[in-house]
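*Asks:* Next one to model:
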Amino acid sequence: MMTLLLGIFEEGLIYALMALGVYITYKILDFPDLSVDSTFPMGAALTASAILAGQNPVVTLFLSFLAGAAAGCVTGLIHVKLKVRDLLSGIIVMTGLYSLNLRFAGGRANVPIFTQETIFENPYLDRLVPPKARPFTVVLILLFLVLACKILLDLYLNTRSGRLLRAVGDNETLVTSLAKDKGIVKITGLAIANGFASLAGSVYCQHKGFFEISVGTGTIVMGLASVIIGIQVFCPDHRPYLFKLLGRTFSLKPTTAVVAGSVIYKACISLAISFGLEANDLKLITSALFLAILVLSSQRRKKVKVHA
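*Replies:* Residues are numbered from 1 along each chain as shown. Below you'll find the predicted structure:
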């Protein structure tokens, strides 16, 4: 049981980093950015190559974030400067990054790093962590990373630039009326979002011990599921009627709700598999979760309109 719980938290926290990025594009910018499916494995590819080249595993986290941010900038520039639709911009970058990821990995579709030092396995941790606490080392490291990213994102969203980012998603005309370039604001948001996705890929690679070119397939679905579940369950303005019975005790900040949603999503997947469903049915399980949450939320909106 403990192994199952640790596995849920480990997987959930890794994808929570990516879900924070999806939260920016999906909930704040209202931008359907499919390039996440390629920026996630890009972080993994860069990490595997850099670690094999002797780079410090911690440094690879920053390299991956910067590479993801650069990819997000490209998506934004295609959309803003070349006037390509948001959905198509993401698809173009996603397609191009597939080949680029293979180049980062030296032309190989699979790059193992099992014998290399990572942020989870290194001599420093072996000396620092007592034997009894070692089963929890990975979860604690991931929790630290996720909390650091969440706090930094919260701080940024409370700055002038962060408020403009939220304003662009709600009312682009307002941002223009403030003599601000809404295009630059969008590009900034996409850069941060894809930076988080690439960072998650880096952490995933170091946790699993390998890079695989197809590791990003369906990443955007997982991110959207985490965001939708977290926002609908834990945020008071979006919570379905069913959860109103719990009161406002469980109200969380949107970023915290997204992290919790990622863990809940992974818990649902793990429980479904433990009940006998095959791993090949993961997409079916995700679709069922999507449908359940969306139906609950739509029913709540209808009731609010009726009472209004």
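*Asks:* Please make it C-alpha for all contacts and neighbour counts, starting now.
*Replies:* Noted.
*Asks:* So, low pLDDT: which residues of this protein?
*Replies:* In the predicted model, the chain carries pLDDT under 70 at residues 179, 236-251, 279, 283, 290, 293-294, 296-308.
*Asks:* For it, just list every one of the strands.
*Replies:* Under the criterion DSSP state E, strands of the chain are mapped to 110-112, 210-212.
*Asks:* Distance of R85 relative to G76?
*Replies:* 10 Å (Cα to Cα, to the nearest Å).
*Asks:* Just want to know which of those two has more residues nearby.
*Replies:* Neighbours were counted for R85 and for G76 using other Cα atoms under 10 Å; G76 has more, 28 against 13.
*Asks:* where's that one relative to L17, distance?
*Replies:* Noted for G76: a distance of 21 Å to L17, by Cα to Cα.
*Asks:* domains in the chain, as residue ranges please.
*Replies:* Domains of the chain are assigned by automatic domain parsing as 2-216, 225-307.
*Asks:* Looking at those domains, which one is packed in the most?
*Replies:* Ranked by average neighbour count under the criterion mean count of other Cα atoms under 10 Å, the domains of the chain are headed by domain 2-216 at a mean of 20.
*Asks:* where do the helices sit along the protein?
*Replies:* Taking DSSP state H as the test, the helices found in the chain are 2-23, 36-52, 57-80, 86-104, 123-128, 137-157, 160-170, 172-177, 182-208, 219-234, 241-244, 254-274, 282-307.
*Asks:* Any chance of a markdown table for those helices, columns distance to I113?
*Replies:* Output for these, formatted as a markdown table (distance: least, Cα to Cα, whole Å):
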| stretch | distance to I113 |
| --- | --- |
| helix 2-23 | 18 |
| helix 36-52 | 6 |
| helix 57-80 | 11 |
| helix 86-104 | 15 |
| helix 123-128 | 16 |
| helix 137-157 | 17 |
| helix 160-170 | 37 |
| helix 172-177 | 45 |
| helix 182-208 | 8 |
| helix 219-234 | 22 |
| helix 241-244 | 44 |
| helix 254-274 | 25 |
| helix 282-307 | 26 |
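*Asks:* which stretch among those comes nearest L29?
*Replies:* When the helices of the chain are compared by Cα to Cα, helix 160-170 sits nearest L29, at 4.1 Å.
*Asks:* and the closest residue to V215 other than its chain neighbours, what is it in contact with?
*Replies:* Spatial nearest neighbour of V215, excluding adjacent residues (Cα to Cα, 6 or more residues apart in numbering): P41 at 6.0 Å. Residues near P41 by Cα atoms under 8 Å, 6 or more residues apart in numbering: 101, 198, 201-202, 211-216.
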